[in-house]
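**Q** Got a predicted model here, sequence first, then my questions.
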Amino acid sequence: MRVFVDSSTFQWFIIGVIIVNAIVLGLETSPSLIASNPWLVPLGWMTVVIFVVEISLRIYAHGRDFFRDGWSLFDLFVVAVAIIPASGVLGVLRVLRVLRVLRLLSAVRSMRRVVAALAATIPGMISIGALLVMLIYVAGVMSTQMFSSTDPENFGTLPQSLLSLFQVMTGDDWAKVVGPVTDVYPAAWAFFIAYILISTYIVLNLFIAVAVEALEMQHEERDEEVVEEVEESESAVLEAIESLRSEVSSLRSEVSDR
């Protein structure tokens, strides 16, 4: 059973079912499509039944090891959410059934490696995020003190300034935010340009750098694992050859004695 559930054929079948289920979930958001295609709901429940059978087989095949794997627990949670009753207090949790689409993360190994790399970047991301928060806060205090009387709509209070600076950082129509201030104080362009350069082109790019570094580390670790597997297989072959040589030599000695 373990060989069956871990086989590539079974895994690709489950991936296909996940894709079908994702399409059905998207189509079920349209009441008109459900009314004109009554087979959508039975098809959705058929995929859920397949998921339940799959999880049951994996639990039977792997035993306690199933509950030691984080991805397996994630699959179990997603499938458990799918069978929550649609009515009652727990009916609100039915919206979580869309999480079944995320099962592709656990079914596809390349996606699992990407998620593992992103998880490894969390400490670095937290540090960069704290740096970005401090930058926005300092710039928010400065802009409130300097531009609150000029543009009270965007910089009248500290929360308004923080929101405006976040919009400037994302580049979402930032010229309209800084325009009323720069019309009165042309030199204010220097403040906003410096803020954009630091926040967007330096700090935000650090997030990308940390993520790329984590992905490279994942690839290096994968290459090391492949090399170790090759070395282990080579050592096993060499040991088998040595044992065969010893057996052949012993047979030769027995033949010569006779």
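**A** Looks like it came in fine.
**Q** what's the model's confidence in stretch 102-114, averaged?
**A** If you average the pLDDT over stretch 102-114, you get 73.
**Q** Now do the end-to-end distance for it.
**A** End-to-end distance of stretch 102-114 (C-alpha to C-alpha, to the nearest Å): 13 Å.
**Q** Pull out the buried residues from that stretch.
**A** Using 16 or more other C-beta atoms under 10 Å as the test for burial, stretch 102-114 gives 102-103, 106-107, 114. To be clear about C-beta, it is placed using only N, CA and C from the backbone, and glycine gets the same treatment.
**Q** Helices of the stretch 101-250 of the chain, start to end?
**A** 103-107, 109-120, 122-147, 152-155, 158-170, 174-184, 188-198, 204-257 (DSSP state H, counting those that start in this stretch).
**Q** okay if I get those as CSV plus distance to residue 63?
**A** CSV is the format used below for the helices of the stretch 101-250 of the chain (distance: least, C-beta to C-beta, whole Å):
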stretch, distance to residue 63
helix 103-107, 19
helix 109-120, 22
helix 122-147, 31
helix 152-155, 60
helix 158-170, 49
helix 174-184, 57
helix 188-198, 54
helix 204-257, 25
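**Q** Out of the ones you listed, which gets nearest to residue 5?
**A** Closest approach to residue 5 among those is made by helix 103-107 (12.0 Å; C-beta to C-beta).
**Q** Which neighbouring elements make contact with the closest one?
**A** helix 8-27, helix 70-82, helix 109-120 (3 or more C-beta pairs under 8 Å, 6 or more residues apart in numbering; DSSP states H and E).
**Q** got a list of contacts for stretch 54-69?
**A** Identification of contacts with stretch 54-69 by C-beta atoms under 8 Å, 6 or more residues apart in numbering yields 1-2, 4-6, 14, 72-73, 75-76, 79.
**Q** And that stretch, how far out from the chain middle?
**A** Its chain's average C-alpha position is 23 Å from that of stretch 54-69, according to C-alpha atoms, centre = their mean, to the nearest Å.
**Q** mind listing what's buried in that stretch?
**A** For stretch 54-69, burial by neighbour count (16+ other C-beta under 10 Å) applies to 54-55, 58-59, 62, 66.
**Q** out of the residues you listed, which are inside strands?
**A** Per DSSP state E, strands hold no members of the buried residues of stretch 54-69.
**Q** Save the residues you listed as TSV, and put in pLDDT and distance to residue 39 too.
**A** Below are the buried residues of stretch 54-69 laid out as TSV (pLDDT from 0 to 100; distance: C-beta to C-beta, whole Å):
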residue	pLDDT	distance to residue 39
54	88	22
55	88	25
58	89	28
59	89	30
62	87	34
66	85	33
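**Q** Just flag the most distant two among the buried residues of stretch 102-114.
**A** Among the buried residues of stretch 102-114, the pair separated by the greatest distance (C-beta to C-beta) is 103 and 114, at 15.1 Å.
**Q** Among the buried residues of stretch 102-114, which one lies nearest to residue 44?
**A** Comparing these against residue 44 with C-beta to C-beta places residue 103 closest, at 14.3 Å.
**Q** What distance do you get for the closest residue to the closest one other than its chain neighbours to residue 142?
**A** In space, residue 103 comes closest to residue 18 once its chain neighbours are excluded; the distance is 5.0 Å by C-beta to C-beta, 6 or more residues apart in numbering. To residue 142, residue 18 is 50 Å away according to C-beta to C-beta, to the nearest Å.
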